[in-house]
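> Sequence plus predicted model, see below.
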Amino acid sequence: MSEQEDDIAEKLVEGDTYEQASLAVSRMIPVSLERKIQIAIVSLALSGLVAPAILFRRDLLRSLEGTGSLSLSLGLIALNGILNAALGGLLLVRQRYLISRRSLTPKQARKLIRLEDLFVLLVLFGTLFVVASVAIALIGVVSPSAVETLYDQDVRIYESDTALTLDLRVVSGMGVTLAGLVLTLKRLVE
């Protein structure tokens, strides 16, 4: 038998109800619950790079936008990602708590696995928004001339946000803080 077949056989014979149900239910994203929580934490921590990347090229921002404000539309993209990843991460930690703290019927275990797939979608959408905002912020760090070219084409990637006026430093700080919260709760549940 291969190692994977041995793992499956062990789960069927010795595993708890959740592990057995995980073999029976097809998952949308076949990654362990632990790995899904780690993705949420890394995504939230990654959002901490947005403000420093913008601050690094603040002079470029002033010359293009005519303002030194750190309230950019980019903050809304990052905030959307942070909130989605944090909510998904917290719900996945809750899943882990429920799985470890009570005995489950097969029906309950299958329901938790389906909910886990739903919660990981929040994490993945959040990660997508966070990665996009970090990438946009890093364009100015890596290639200021590319940003100037984009602005010449009227693509304003660092446009000021007048509607919400959310400072990028607050958004980045929120992401790092929520990463710490999810990590702490994960460790408490272990």
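Happy to help now that I have it.

> for Gly140, what are its contacts?
By C-beta atoms under 8 Å, 6 or more residues apart in numbering, Gly140 lies in contact with 53-54, 56-57, 60-61, 147, 158. Glycine gets a C-beta too; all of them are placed from N, C-alpha and C.

> Quick check: chain neighbours aside, which residue is closest to it?
Arg57 (4.1 Å; C-beta to C-beta, 6 or more residues apart in numbering).

> Dump the contacts of Gly140 into TSV; add secondary structure, distance to Val130 and neighbour count as well.
Below are the contacts of Gly140 laid out as TSV (DSSP: H, G, I helix; E, B strand; the rest coil; distance: C-beta to C-beta, whole Å; neighbours: other C-beta atoms under 10 Å):
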residue	secondary structure	distance to Val130	neighbour count
Ala53	helix	13	21
Ile54	helix	14	25
Phe56	helix	18	13
Arg57	coil	19	20
Leu60	helix	22	18
Leu61	helix	20	20
Val147	helix	20	23
Tyr158	coil	17	23
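
> Gln38: which of the residues you listed is nearest?
Gln38 lies nearest to Ala53 out of these, by C-beta to C-beta, at 23.2 Å.

> Buried residues, the biggest helix by length in the chain. List them.
Longest helix in the chain by number of residues (criterion: DSSP state H): helix 106-142. Buried residues in helix 106-142, counted by 16 or more other C-beta atoms under 10 Å: 108-110, 112-113, 116, 119-120, 122-124, 126-130, 133-134, 136-141.

> Also stretch 95-108?
95-96, 99, 104, 108.

> Where does pLDDT dip in the chain?
1-26, 65-71, 156-158, 161-164 (pLDDT under 70).

> Tell me where it has helices.
3-14, 17-24, 33-46, 50-56, 58-65, 73-101, 106-142, 144-152, 168-189.

> how close does the closest residue to Ile77 other than its chain neighbours get to Leu74?
Excluding its sequence neighbours, the residue lying closest to Ile77 (C-beta to C-beta, 6+ apart) is Ser133, at 4.5 Å. Distance, Ser133 to Leu74, by C-beta to C-beta, to the nearest Å: 6 Å.

> which residues do the two both contact?
Val50.

> can you count the residues close to Cys76?
Not quite, residue 76 is Leu, not Cys. Neighbours of Leu76 under the rule other C-beta atoms under 10 Å: 17.

> Would you agree it is in contact with Leu166?
Yes. In this structure, Leu76 is within contact of Leu166 by C-beta atoms under 8 Å, at 7.0 Å.

> Identify all contacting residues around stretch 167-182.
37, 40-42, 44-52, 54-55, 70-72, 74-75, 78-79, 82, 85-86, 89-90, 93, 130.

> do stretch 48-56 as well
Looking at what lies outside stretch 48-56 - C-beta under 8 Å, 6+ apart - the contacts are 61, 70, 72, 74-75, 78, 133-134, 137-138, 140-141, 158, 168-169, 171-173, 175-176, 179.

> returning to what we had before: the residue nearest to Gly140 and Asp154, how far apart?
With C-beta to C-beta as the criterion, Arg57 and Asp154 are 20 Å apart.
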